[in-house]
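> with the input below, show me the fold.
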Amino acid sequence: MKPWLWAATLLVYAFLYVPLAIVALFSFNDSLLNAQWVGFTLDWYRKLFADEAMLTAAANSLFIALLSSSIATVLGAMAGIAMHRWRTRWLPLLVITPVAMPEILLGVSLLLFFRQVLDLTLGFFSILIAHITFSIGFVAIVVRARLAGMDESLFEAARDLGATPWQTFRHITLPLILPALTAGFLMSFTLSIDDFVITFFVAGVGVTTLPLQIYSMIKVAVSPEVNAVSTLLMALTATLIFFATRLAPELLKGQR
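Numbering: from 1, shown residues only. Have a look, this model is predicted:
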């Protein structure tokens, strides 16, 4: 690679990751104003774990992420298998549209659907449905990519040996797509726990997630406590993405 390409690459990565490093660094800053470095402290993490509102929001986010990811993994797996088996034009369009749609447009659409069509009170259930909606497409893409790289003769051999469709799925298809299912679950969990835009539109008065709680705290100023929770959230997200890429590395390499 030419030197100017290396320089451009380093500048792009610096633009992306230096602000994140600064957030993590200043979460240990012994200063309330957080304008300059004063000294090292862990007090902001202690205050964070004693903040009842923040802990409640974190618990809500974790529960919604776990539940929505589990449901989206099941539905996304079925959608991915259907897209692979029946190669119609409309099915991929229906499944992948929520993935390609801008989040603000999806959030407004779901808000209008919940309030004007279903007359649903916004709250936990509306957030759960919204997170399932935008997660299904990601799982379906991962599962479809996994199935596209498999040898079809395996399924034909199972049918020739007298296996029923359920036995073929349980003994052959499911074990082979299990890494893709796990990667899709982790991806859905990461997207759900980090989501702000869609959740902002569909959340009710009584339910607050972690991103919404962080947003309400930075309206006045960015305190070191916000830096602390952001650092923990970044660490959790990075860990989940790491495991997802380790379980299905071919998805990032574009191999099928």
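> for the protein, just list every one of the helices.
3-26, 43-50, 52-85, 90-100, 103-112, 124-148, 152-160, 165-168, 174-194, 197-202, 210-217, 224-247, 250-253 (DSSP state H).
> can you list these in TSV and add mean neighbour count, mean pLDDT and distance to Trp37?
No exception for glycine: its C-beta is placed from N, CA and C like everyone else's. Listed next are those as TSV, based on neighbours: other CB atoms under 10 Å; pLDDT from 0 to 100; distance: least, CB to CB, whole Å:
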stretch	mean neighbour count	mean pLDDT	distance to Trp37
helix 3-26	11	88	7
helix 43-50	15	89	14
helix 52-85	19	91	24
helix 90-100	14	81	41
helix 103-112	16	91	35
helix 124-148	23	90	38
helix 152-160	12	76	59
helix 165-168	12	81	61
helix 174-194	21	87	28
helix 197-202	21	92	32
helix 210-217	19	86	21
helix 224-247	17	81	11
helix 250-253	13	50	36
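> now do the same contact list for the most centrally placed residue in the chain.
Nearest to the geometric centre of the chain sits Leu191, at 1.6 Å (CA atoms, centre = their mean). Counting by CB atoms under 8 Å, 6 or more residues apart in numbering, Leu191 touches 131, 134-135, 138.
> just Gln213 next, same as before
Counted by CB under 8 Å, 6+ apart, Gln213 has contacts 53-54, 57.
> between the contacts of Leu191, which sits nearest Ser230?
His131 (20.3 Å; CB to CB).
> and that closest one, how close does it get to Ile104?
Going from His131 to Ile104 by CB to CB, to the nearest Å gives 16 Å.
> before we move on, what about Ser68?
Separation of Ser68 from Ile104 (CB to CB) stands at 19 Å.
> now swap in Phe185 and tell me
Phe185 is 26 Å from Ile104, by CB to CB.
> cool, and Val143?
Distance from Val143 to Ile104, by CB to CB: 27 Å.
> Ile198 against Leu106, yeah?
Yes. Ile198 sits in contact with Leu106 when judged by CB atoms under 8 Å, with a separation of 5.9 Å.
> any residues in contact with both of these two?
Joint contacts of Ile198 and Leu106 (CB under 8 Å, 6+ apart) are 130, 134.
> contacting residues for Thr133?
98, 106, 110 are the contacts of Thr133 under CB under 8 Å, 6+ apart.
> typo on my end, Leu232
Leu48.
> now do the one 5 residues further on
Contacts for Thr237 (CB under 8 Å, 6+ apart) come out as 190, 193-194.
> would you turn those into JSON lines with distance to Met234?
Listed next are the contacts of Thr237 as JSON lines, based on distance: CB to CB, whole Å:
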{"residue": "Thr190", "distance to Met234": "11"}
{"residue": "Ile193", "distance to Met234": "11"}
{"residue": "Asp194", "distance to Met234": "10"}
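> of the residues you listed, closest to Trp90?
Thr190 (28.9 Å).
> my guess is the closest one contacts Phe242. True?
No. Using CB under 8 Å, Thr190 makes no contact with Phe242, being 10.5 Å away.
> skipping its backbone neighbours, what lies nearest Gly123 in space?
Take Gly123 and drop its neighbours on the chain: the residue closest to it by CB to CB, 6 or more residues apart in numbering is Gly204, 3.6 Å away.
> could you report the distance from that neighbour to Leu176?
To Leu176, Gly204 is 41 Å away according to CB to CB.
> and if you look at Glu103?
32 Å.
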